[in-house]
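>>> Predicted model follows, preceded by the sequence.
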Amino acid sequence: MTWHHTTVVAVRRDGQVAIAADGQVTYSDTILKHTARKIRRMYHDRVLAGFAGAVADAQALADRFEAKLEATNGNLRRAAVEFAKEWRTDRVLRRLEAMMIVADREDLLLVSGDGNVIEPDDNVLAIGSGGAYAAAAARALMRHTLLTAREIAMEAMRIAAELCIYTNDKVYCECIE
């Protein structure tokens, strides 16, 4: 599946997790907005979620995921698995076109509508149209610099914006330390 409309990257390093996303919203070949916020704080600001895909779909998924977090008392891993099962089997949810990265102090996970909950091997995740560019940049920065998670996420987004036409350089970043 190819997702347009956004790029989201997440990095975990030295007890800090950062999720950064660009602000561009496109419709076909037109840029509608430059400064959209695609990251949401959840469960008493202990969880971050970044979304790629259709805005209404991402909002619906965020609301449902937040309900799962509440039901599991903030257990991110359990909430993600339960949510992925529901997303895959629910007739309405499975039609939604979005992906999400969720993170807290212990876990960094990609959650998708095909039932996947994926934890990265290298503390880097990225989704969206510029996701491959952002992930490659973040991995290189993780291996060859001492930058913080936030600095890596921001720089990876800047690099993705130089390469992907659906990614802009109006980057928003949220961190948990």
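Received, thanks.
>>> What are the buried residues along the helix or strand of the chain with the lowest mean pLDDT?
Within the chain, no helix or strand scores below strand 25-27, which has a mean of 81 by mean pLDDT, DSSP states H and E. By neighbour count on 16 or more other Cβ atoms under 10 Å, the buried set for strand 25-27 is 25-26. To be clear about C-beta, it is placed using only N, CA and C from the backbone, and glycine gets the same treatment.
>>> What is the neighbour count of residue 14?
By other Cβ atoms under 10 Å, the residues close to residue 14 number 8.
>>> Next, the contact list for it, please.
148-149 (Cβ atoms under 8 Å, 6 or more residues apart in numbering).
>>> do the same with residue 131
Applying Cβ under 8 Å, 6+ apart, the residues contacting residue 131 are 3, 7-9, 52, 160.
>>> Quick check: longest helix in this protein by residues?
helix 55-71 (DSSP state H).
>>> As TSV, the contacts of residue 131 with distance to residue 174 and pLDDT would be great.
Output for the contacts of residue 131, formatted as TSV (distance: Cβ to Cβ, whole Å; pLDDT from 0 to 100):
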residue	distance to residue 174	pLDDT
3	20	46
7	15	94
8	11	96
9	12	98
52	15	86
160	17	97
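>>> could you dump the residues you listed to TSV with secondary structure?
What follows is those, written out as TSV (DSSP: H, G, I helix; E, B strand; the rest coil):
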residue	secondary structure
3	coil
7	strand
8	strand
9	strand
52	strand
160	helix
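>>> Next secondary structure after the least confident helix or strand of the chain?
strand 30-33 (DSSP states H and E).
>>> That following strand pairs with which strands, and in what direction?
strand 25-27 (antiparallel) (DSSP bridges).
>>> any weak-confidence spans in this structure?
Regions of the chain meeting the criterion pLDDT under 70 cover residues 1-5.
>>> what about the helices in it?
Under DSSP H, the chain gives helices at 55-71, 76-89, 131-144, 149-163.
>>> tell me the contacts of residue 134?
Neighbouring residues of residue 134 by Cβ under 8 Å, 6+ apart: 7-9, 126, 156-157, 159-160, 167.
>>> one more time with 10 Å
Neighbouring residues of residue 134 by Cβ atoms under 10 Å, 6 or more residues apart in numbering: 7-11, 20-22, 124-128, 153, 155-161, 163-164, 167.
>>> which of those are buried?
Buried among these by 16+ other Cβ under 10 Å: 7-11, 20-22, 124-128, 153, 155-161, 164, 167.
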